[in-house]
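> model this:
(chains A and B)
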Amino acid sequence: MLYKFCTVYKGHRVSAIRTWQLTKDFADLRAVDRLDLDLPEGGVTGFVGPNGAGKSTTIRMLLGLIEPTSGDGEVLGHSIEAPSTYLHRVGGLIEAPAFYPALTGQENLRVFATLGGYDQRRIAEMLDVVGLSGRGGDKYKHYSLGMKQRLGIALALLPDPDLLMLDEPTNGLDPQGIVEIRSLLMELGAGGKTVFVSSHLLAEIQAACDSIVMIDHGGVVFSGPLTDLLAQTSPTIQASAENDTDTSTLLQLAIDAGYHTTRVNGGIEIQAPAQWAPDLNRLASAAGITLRELRTSSADLEQAFFAMTGDHETGTN
Amino acid sequence: MRAFRAEWVKLSRRNLWLGFGGAMVGLTALFTVLVFMSVGGTDVGLDEGGGEAFVTEAALSLPDGSMFAVTQMAIFLAIIALALFASNLAGEFTKGTIRMLFVTEPNRLKVLAGKLAALCSFVALWIAVTVALTVAAGALLASNAGVDTSAWWTTDGLAAIGSGYLNLTGAALVAGLIGSALAVLTRSAAIAISVGAAYFMLGESMVSTFWSPLGEWGPAAVSNALATGAAAGTSLGAVRPDIGFTTAALLAVGYGLACLAVSATTLARRDVTS
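Numbers count the residues shown, from 1 in each chain, chains lettered A, B, ... in the order given. Got it, this is the predicted structure:
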């Protein structure tokens, strides 16, 4: 299921990233399987999927680090077969940040700024943006994991990119750092830059992203606005009877009303809109059941993720 | 050019200069002092010529006498260059920085060319320092050893210093390029350095006892021949050069180009998964 979404500007489709049947095999393992993507320019797009779903391999192919086995793609309107035509407009952070331990943070950025021909004055600016201005002179080997991650983001921002591809940018950050980076990404997206960010922190993706691409086993299972995804995911009502012996009756009442219902932790969980909760309360009362608990949950990305990827280990059922 | 300058940002760090420079100065001092202390002595019969004077006042008083000590270091300079190149390139894979280098500069051959040019200039610079130090130290130690250094400062003497420097640098760079190819192939500094150093110090000599052409045409023999200007003097631990200077120079260029081709082809084609 692929929901294509793109912006239209003066009659032309403007996509930051497009792929057609992009595939990568490593020996017998198919890491990315006929991936079709179409991401609009501007805004923040989340890239989620279980471990091994092919997120990092996809980002590496888009950054010209890995050659696709088959299929094609475009980044900022240029073919991924010629990364030099677009990478000067792209900032990337791939998995864990990698720098030279014996150099300071500032020196590390200088190596890459020199290599890329970037404005050296941006080094201090970007260190300030990621909150490392006071620690730029410290050796990278003395940085904490969170500081290393911030330096990786500073490097990605160094070329003043039109497109940012960040693979797990909040890894190792403390809660305040996560909020800061989230705000930064949202600010960049709102400012017209395209941010493509993968993360396993689904709540963060939900808080920061306008759109989402969800992949599993190398293929896209959803691609589109986050609101569309959440709209597809049913909200739930959790209820439990004061007397445990009434749980079966309560379950039957919800099923008779036409809702998918399951037993959960001594109570029941009903896939139904929040508006039906008062009706349930009335039905239970009419049946002589006193409810100990009645609460509603709106759909969230985590729920959608498990529903889409079919991973029920930590799901609601 | 940008890749060259970026590499020099790394090579300019103080600790590298202190460590690398300290090792080079220490090695130079050791060899120079040993050479001038052994004037008039005899070698320990490692080869068939045992019993003859290893270093004589007359030999050191020749125009090229100033380069005698540093020429004895050739094998060590080569191994240092091999280790430097190998650790630098393999380190990019083990640290994972290779992916950020290629995202920043997608033309991988430019990155490789810039890195190798920077490393070559670094090695050439330090060999120049080594040559300067050994000549200066030799001049200071000469009077005590009864060596007349007046011929060192003649036109022939200065030319010998210049050609000796070029020969040593060329020999070290061949080893360095071999180290870089090993590093790109293995992506491990430890493996690349140990394989390369073992081959240069022992491997080629051992194999050449079974297959003698390797002792003449192999990379270590060629590097040694080039470093000594294909003269009779040999570096410690290396085989005696059996080929002429022109042959050695041509072979050195050939080995260097072959290593460059291996490094460039491997780096350009391989997926970056580290």
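
> so what's the residue in the stretch 51-200 of chain B that chain A sits nearest to up against?
Proximity of the stretch 51-200 of chain B to chain A (CB to the nearest CB) peaks at B:Gly96, 3.2 Å away. Yep, even glycine has a C-beta here, placed from its N, CA and C like the rest. With contacts defined as CB atoms under 8 Å, 6 or more residues apart in numbering or on different chains, the neighbours of B:Gly96 are A:Glu95, A:Ala96, A:Ala98, B:Ser274.

> Grab the nearest non-local neighbour of residue 126.
In the absence of a named chain, chain A is used. What sits nearest to A:Met126 in space, not counting adjacent residues and going by CB to CB, 6 or more residues apart in numbering or on different chains, is A:Ala154, at 4.1 Å.

> wrong one, chain B
B:Met24 (5.4 Å).

> cool, and B:Ile98?
For B:Ile98, ignoring the flanking residues on the chain, the nearest one in space by CB to CB, 6+ apart is B:Glu92 at 4.2 Å.

> Quick check: B:Val147 is in a strand.
No - secondary structure of B:Val147 (DSSP: H, G, I helix; E, B strand; the rest coil): coil, not part of a strand.

> what's the neighbour count on it?
B:Val147 has 25 neighbours, counted by other CB atoms under 10 Å in any protein chain shown.

> ok, it touching B:Val39?
Yes - look at B:Val147 against B:Val39 with CB atoms under 8 Å: they come within range, at 6.7 Å.

> What residues does the residue of the stretch 51-200 of chain A found nearest chain B make contact with?
The nearest approach of the stretch 51-200 of chain A to chain B comes at A:Ala98, 3.2 Å away (CB to the nearest CB). Contact analysis of A:Ala98 by CB under 8 Å, 6+ apart lists A:Gly152, B:Lys95, B:Gly96, B:Thr97, B:Arg99, B:Met100.

> how many neighbours does the residue nearest to B:Trp126 have?
That count, for B:Met24 with other CB under 10 Å as the rule, works out to 19.

> tell me which residues in the helix or strand that contains it are buried?
Per DSSP states H and E, B:Met24 falls inside helix B:14-37. Neighbour-count burial for helix B:14-37, counted by 16 or more other CB atoms under 10 Å in any protein chain shown, picks out B:Phe20, B:Met24, B:Leu27, B:Thr28, B:Phe31, B:Thr32, B:Val35, B:Phe36.

> Distance-wise, check the fourth one relative to chain A.
From B:Thr28 over to chain A the distance is 25 Å, taken as CB to the nearest CB, to the nearest Å.

> That residue and B:Gln72 touch, don't they?
No - using CB under 8 Å, B:Thr28 is not in contact with B:Gln72, being 10.6 Å away.

> all helices for the stretch 151-274 of chain B, in order.
Remark: helices assigned in the stretch 151-274 of chain B by DSSP state H, counting those that start in this stretch are B:155-186, B:189-198, B:204-210, B:213-217, B:219-227, B:245-269.

> Which among those helices is found nearest to A:Asp138?
A:Asp138 lies closest, by CB to CB, to one member of the helices of the stretch 151-274 of chain B: helix B:189-198, at 24.8 Å.

> quick check: angle from the closest one to helix B:155-186?
Calculated by axes from the mean of the first three to the mean of the last three CA atoms, to 10 degrees, helix B:189-198 forms an angle of 140 degrees with helix B:155-186.

> Can you list the buried residues in helix B:189-198?
Applying 16+ other CB under 10 Å to helix B:189-198 flags B:Ala189, B:Ala192, B:Ile193, B:Val195, B:Gly196, B:Ala197 as buried.

> which one is the residue of the stretch 51-200 of chain A closest to chain B nearest to, not counting chain neighbours?
B:Gly96 (3.2 Å).

> Could you report the distance from that neighbour to B:Ser212?
Using CB to CB, to the nearest Å, we find B:Gly96 at a distance of 44 Å from B:Ser212.

> same deal with A:Gly73?
Plainly put, A:Gly73 is 55 Å away from B:Ser212 if you go by CB to CB.

> Compare the two and say which is more crowded by neighbours.
Taking other CB under 10 Å, A:Gly73 and B:Ser212 do not tie; A:Gly73 has more neighbours (21 against 11).

> Count the neighbours of the nearest residue to B:Phe20 once chain neighbours are set aside for me.
Leaving aside its chain neighbours, B:Phe20 sits nearest to B:Trp126 (6.7 Å; criterion: CB to CB, 6+ apart). Applying other CB under 10 Å, we find 22 residues neighbouring B:Trp126.
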